[in-house]
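A.B. asks: 3D, please:
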Amino acid sequence: MAEPMQSNGIFPADESPTVDHRVYGPSSTPTHPLALAPVATPPHTVDGFVKEFLHELNTTQGVTLEASSINDQYMALALTVRNYLMARWLETTKANRRDGGKAVGYLSAEYLLGRQLGNALLATDLSEIAEEGLKQCGIELWKLRAQEVEPGLGNGGLGRLAACFIDSLATMNVPSIGYGIRYEYGIFRQTFVDGRQVEQPDTWLALGSPWEFPHPEAAVKINFGGHTERYTDAQGRERSRWIPAWDVQAVPYNYMVPGFKNGCVNTLRLWSAEATKAFDLQIFNAGDYAQAVRAQTFAENISKVLYPEDSTPQGKELRLQQQYFFVAASIRDFINHHLEEDFDLHNLSDRIIFQLNDTHPVIGVPELMRILLDEEGFDWDEAWEVTSKCFAYTCHTLLPEALEVWPTELLGRLLPRHLEIIYRINDEFLAEVRAKFPDDEVRVGRMSIIAEYPERSVRMAHLAAVAGVKINGVAELHSQLLRDKVLVDFNDLWPEKFTNVTNGITPRRFIRMANYKLSDLISDTIGKGWVNDLERLRELEPYAEDPEFRQRFREAKAFNKTRLTNLLRQRDGIELPDGHLLDVMVKRLHEYKRQSLKVLHIVSLYEQVLSGKIAAADLTPRTVVFGAKAAPGYRLAKETIHLINKVAQVVNADERLEGRLKVAFPANYNVTLAEKLIPAADLSEQISLAGMEASGTGNMKFALNGALTIGTNDGANVEIRELVGDEHFFLFGMEEPEVAALGAKGYQPGEYYASNPQLKAAVDLIQSGTFSGGDRSTFESLTSSWLYHDRFMAFADFDSYIATQKKVEEKYADQEAWTRSAILNVARCGYFTSDRSMRDYMQRIWDITPRF
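C.D. replies: Below is the predicted model of the structure:
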């Protein structure tokens, strides 16, 4: 194995602190007998808790109870709860190292964790003790929970899925470590100015984070740029080595990932970028203060923001820097700090499987090859034999533009050695393709890792498919389309590589924590074990026929609606009316998710009242709630947000609707808001064009919290509908083969506009300036995109969607029938736990057995 660095770049070599091998490396003899003693867990009593809390308040925050601020109290509470997890965390780390079994290294560019305090209280079973202990101190627990700012480490479904998976791995006692980036400012904090999205920095770290453990002494040096050179090694072999031009330090910050009441606490390790030489004193003393800290500013840009806007060359380069930065640090961390010093890296796949969460971490493949070739002296075949067993690839998309490609010019300039390795991987791979499919150079071109047009570039999904031991989609339909369309040539070559693992969500956060009224009802009815065995929800099915249970179910939903109303009033100044169908569409703003179809439905209802086609009194009372962020450079998505907000402004103020149609769009949708909104929802909008959504996990959360779904046969909607039954799911729209046929025929959205009076009236109302103060040009580019392109065929599905919404209204009018369907959605969706997803990964991909 490679020699450890003599200096970590922060301290001179002779002053570098010694790494604590109890946390970071192989076991060694402690310097003091007490180091062998386990860390004591504080007593599980109210008095013991109060003592710990006051101790943290006094000694860590440096204040008395009387003089403490609410942030002091929150920090002291978080540190107190953290202490209850500490012994379990250290013991888990020790046991994993002692047992030496295979672990999962989950590589993800984002983790949408949500607030940590509630989850830690749940995992430690401290909620009641903490509430009573704080009450004795004159403090209300809910106020301190509200003080926490959730980590800005994710954006949408990809990050939330990663957070659910690491929760399940800990709950199932599977040795694992999550790796990612500690973004200083997250993606952005969304605000609205005159209805338009305005991005603000997400300063989630402004008041400190009590849940992280920084370890600057374990920083990893990450190289960039420079060139490669050929040389002959001591055995006479011709080799290549990388001469980098610059470097940064990757500083690890550890987060605890507790399992649910099982004593297991795994680790999430996030990397923060710092300059190797952060401050030049000579330049500073010469008076050039900006230049003196230039290296620090340049380095820290790498971990400033999640998904920097990449429409510029600088943005593209920063994204690639981010991806290599965290993957290189993570692989080095595992090799140096989680293996014995004499471990034979030929057997690396016996100890780790790196799961690539989409294409962002795929640069890890040539990085591991580089380590084995250039630092460990492996021959090419030896290195590839190891590398090709250490990675598995999850594809999360069906959109070609979402499969990352990197120009070879950029990759070669930033990571020259890696591009060399990729070229050779590709050469050997294409030789295999030619052997299997002789005289088929068209296929060879399609499959090549290197694309030649429109510019020479590296197809990262192809690299992952070549190197991965397995390739999985995230829902049955998605996995089939992955085989049949997206990676069809690879399926022809290696059908055994492809499998499916349908996504899931953690019931600890999204039912037990988020919907405690429903959770208590379930536990009162079938017992408590369902939280870790979600298929037990099937036991609720008979109670769908019980009028008393249905009433209690409706009471839980009503409580959740009141809770949401209070939150939105305080958070956003939004008033939700009582007695309305709560119709919710929350997801990343993208054309394929078709928020446009939802807003056209709202405008159509409004237009019909204005034109006298229907009376306001005949409207089903409905409040539509949106939650979505648009990527800063995604113009059409941002225009859609503007339209939704302007429609809301007009509709909510129009007395002709008699208060029976309302629209709400709270800004900055996040996990914290989701935990209140999802349990309150009646109707879940899952309306992407069939064949476009990989899976979705919001659809699962809504169904498990008692909302009915209106959706297309897309993603995991297919499996939800199959499980709950057609009569408990509102299906509309084209099937995927019909979508493909219409696209092949030549889709003309203008024809649907001209032939459908209801659709035409809605579009015309938008174009008339009704929602833009009479200015017809405000939404001209958006409506023109619909009329002349409508890439995701909202117009084609409009008629079916409107007809199905009428079925929704008919069913909602019969509250007993609606409640029965809602209960059966909960009872029949236990399959969608992330615990089941992890079991599938372990059996189908990782070859790991949980340590129960």
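
A.B. asks: how about the strands of the stretch 201-350 of the chain, start to end?
C.D. replies: Counting by DSSP state E, counting those that start in this stretch, one finds strands in the stretch 201-350 of the chain at the ranges 212-214, 220-224, 227-232, 238-243, 246-258, 265-275.

A.B. asks: mind giving me JSON lines with those and columns for distance to residue 52?
C.D. replies: Any C-beta I mention is one placed from the backbone N, CA and C, and that applies to glycine too. As requested, those are exported to JSON lines (distance: least, Cβ to Cβ, whole Å):
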{"stretch": "strand 212-214", "distance to residue 52": "18"}
{"stretch": "strand 220-224", "distance to residue 52": "34"}
{"stretch": "strand 227-232", "distance to residue 52": "55"}
{"stretch": "strand 238-243", "distance to residue 52": "50"}
{"stretch": "strand 246-258", "distance to residue 52": "17"}
{"stretch": "strand 265-275", "distance to residue 52": "18"}
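
A.B. asks: out of those, deepest packed?
C.D. replies: When you average the neighbours per residue for each of those (mean count of other Cβ atoms under 10 Å), strand 265-275 leads with a mean of 24.

A.B. asks: count of residues packed around the closest residue in space to residue 270 that isn't next to it in sequence?
C.D. replies: Counting by Cβ to Cβ, 6 or more residues apart in numbering, residue 270 lies nearest to residue 182, which is 3.8 Å off, once chain neighbours are set aside. Using other Cβ atoms under 10 Å, residue 182 has 25 other residues around it.

A.B. asks: who's in contact with residue 182?
C.D. replies: Taking Cβ atoms under 8 Å, 6 or more residues apart in numbering, we find residue 182 in contact with 153, 212, 253, 270, 271, 272, 303.

A.B. asks: I'd like the distance between it and residue 269.
C.D. replies: From residue 182 across to residue 269, the span is 9 Å (Cβ to Cβ, to the nearest Å).

A.B. asks: what touches both of those two?
C.D. replies: With Cβ under 8 Å, 6+ apart as the test, residue 182 and residue 269 both reach residue 253.

A.B. asks: so what's the residue nearest to residue 270 scoring on pLDDT?
C.D. replies: Model confidence at residue 182, given as pLDDT, is 97.

A.B. asks: With residue 398 instead?
C.D. replies: For residue 398, pLDDT reads 88.

A.B. asks: Please report how far it lies from residue 329.
C.D. replies: Computed as Cβ to Cβ, the residue 398 to residue 329 distance reads 31 Å.

A.B. asks: sorry, back to before: ok, of the contacts of residue 182, which one's closest to residue 547?
C.D. replies: The nearest member of the contacts of residue 182 to residue 547, counting by Cβ to Cβ, is residue 153 at 45.2 Å.

A.B. asks: need the strands for the stretch 751-852 of the chain, in chain order.
C.D. replies: Going by DSSP E, counting those that start in this stretch, the stretch 751-852 of the chain shows no strands.

A.B. asks: more neighbours, residue 398 and residue 329?
C.D. replies: Legend: neighbour count by other Cβ under 10 Å for residue 398 and residue 329, higher for residue 329 (27 against 22).

A.B. asks: so that one sits right up against residue 221, yeah?
C.D. replies: No - here residue 329 lies out of contact with residue 221, judged by Cβ atoms under 8 Å, at a distance of 9.0 Å.

A.B. asks: who touches both of those two?
C.D. replies: With Cβ under 8 Å, 6+ apart as the test, residue 329 and residue 221 both reach residue 250.

A.B. asks: Which residues are in contact with the residue lying closest to residue 621 once chain neighbours are set aside?
C.D. replies: Nearest non-adjacent residue to residue 621, counting by Cβ to Cβ, 6+ apart: residue 580, 4.4 Å away. By Cβ under 8 Å, 6+ apart, the contact list for residue 580 reads 621, 622, 623, 662.

A.B. asks: Kindly report the same for residue 270.
C.D. replies: Residues counted as contacts of residue 270 (Cβ under 8 Å, 6+ apart) are 111, 153, 179, 180, 181, 182, 212, 252, 253, 254, 255.

A.B. asks: Equivalent analysis for residue 540, please.
C.D. replies: Applying Cβ under 8 Å, 6+ apart to residue 540 gives the contacts 522, 525, 526, 823, 826, 827.

A.B. asks: go on, residue 786?
C.D. replies: Residue 786 touches 596, 749, 753, 763, 794, 795, counting by Cβ under 8 Å, 6+ apart.

A.B. asks: Quick one, grab the pLDDT at it.
C.D. replies: On the pLDDT scale, residue 786 is placed at 98.

A.B. asks: go on, residue 39?
C.D. replies: 55.

A.B. asks: swap in residue 384?
C.D. replies: Confidence at residue 384, expressed as pLDDT, is 98.

A.B. asks: helix or strand for the residue lying closest to residue 196 once chain neighbours are set aside, which one?
C.D. replies: Nearest non-adjacent residue to residue 196, counting by Cβ to Cβ, 6+ apart: residue 642, 5.0 Å away. If you go by DSSP states H and E, residue 642 is part of helix 635-653.
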